[in-house]
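Peer 1: show me the folded form of this:
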Amino acid sequence: MNRHTKIFFLAGAAGQIECALDLPENAPRGIALIAHPHPLYGGTMDNKVVATLGRAFVGVGFAVARMNFRGVGQTQGQHDQGRGETDDMALLLTYMKQQYPGLPVVLGGFSFGTFVQASLQQRLTEQGEPAERLILISATAGKWSPPPVPANTILVQGDMDDTILLKDVLDWARPQDIPVIVVPGCDHLFNRKLHHLRQIVTDTWRA
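Peer 2: Just a heads-up that it's a prediction; the model follows:
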């Protein structure tokens with residue numbers, strides 16, 4: 001994400017997992033894990049939406065970790081439809097909590113990454129240790145049906161997204177009574193609209 005990014009590796013069930021860590025200037029006030037879009041369609045941890053979220057969280061004082069999903073970059077294994085990816089993200093979370101104990105956790109994801117993070121949150125909730133909050137960009141409603149998410153989840157969707165339709169996101173959010181932040185004139189990749197994501201993170205988590 002920048003020249004200060006630290007690349008490290010974890011041992012996962014399918015082999016090594018390539019991870020990246022970015023730290024704020026001062027002691028971190030929280031942990032943010034950001035998940036990338038679908039690996040079979042070019043998704044990596046360096047995706048511009050993922051990188052934008054990461055920089056925004058570093059800017060408000062979070063230690064930010066990303067990973068390449070199975071089969072991407074130097075991460076070994078093959079795409080596992082979100083199951084193994086959720087296992088790997090849980091491993092990264094355990095590592096981060098060991099490195100930075102006692103800090104609140106935010107799970108962020110873009111597109112396929114929202115399915116992984118919603119699945120991880122469901123698992124953490126069942127364990128009695130839910131993340132403090134989710135921020136899901138282009139949640140995969142209508143594609144890979146994500147599990148229900150907490151009421152304080154931040155959902156962001158472009159109204160011109162032709163990959164994940166606004167209607168499907170609204171239909172998924174409606175029975176959960178969760179507001180959706182709609183970015184007008186915004187496509188799936190948030191071309192020329194990334195500043196809105198930075199602002200949402202800054203406004204929500206600014207100390």
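
Peer 1: let me see the ranges of the helices in the chain.
Peer 2: Listed in chain order, the helices of the chain (DSSP state H) span residues 48-59, 83-99, 112-126, 166-173, 194-205.

Peer 1: with mean neighbour count added, can I get these in JSON lines?
Peer 2: (Glycine included, C-beta is placed from N, CA and C.) Output for these, formatted as JSON lines (neighbours: other Cβ atoms under 10 Å):
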{"stretch": "helix 48-59", "mean neighbour count": "23"}
{"stretch": "helix 83-99", "mean neighbour count": "18"}
{"stretch": "helix 112-126", "mean neighbour count": "23"}
{"stretch": "helix 166-173", "mean neighbour count": "17"}
{"stretch": "helix 194-205", "mean neighbour count": "16"}
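
Peer 1: leaving out sequence neighbours, find the closest residue to Ile17.
Peer 2: What sits nearest to Ile17 in space, not counting adjacent residues and going by Cβ to Cβ, 6 or more residues apart in numbering, is Leu10, at 4.5 Å.

Peer 1: neighbours of that neighbour, how many?
Peer 2: Burial of Leu10 is recorded as 15 neighbouring residues (other Cβ atoms under 10 Å).

Peer 1: do Phe69 as well
Peer 2: 29.

Peer 1: that one contacts Leu40, doesn't it?
Peer 2: No: applying Cβ atoms under 8 Å, one finds Phe69 not in contact with Leu40, separated by 9.7 Å.

Peer 1: now do the shared contacts for those two.
Peer 2: His79 (Cβ atoms under 8 Å, 6 or more residues apart in numbering).

Peer 1: surely His79 is in contact with Asn68?
Peer 2: No: His79 lies out of contact with Asn68 (Cβ under 8 Å); the separation is 11.6 Å.
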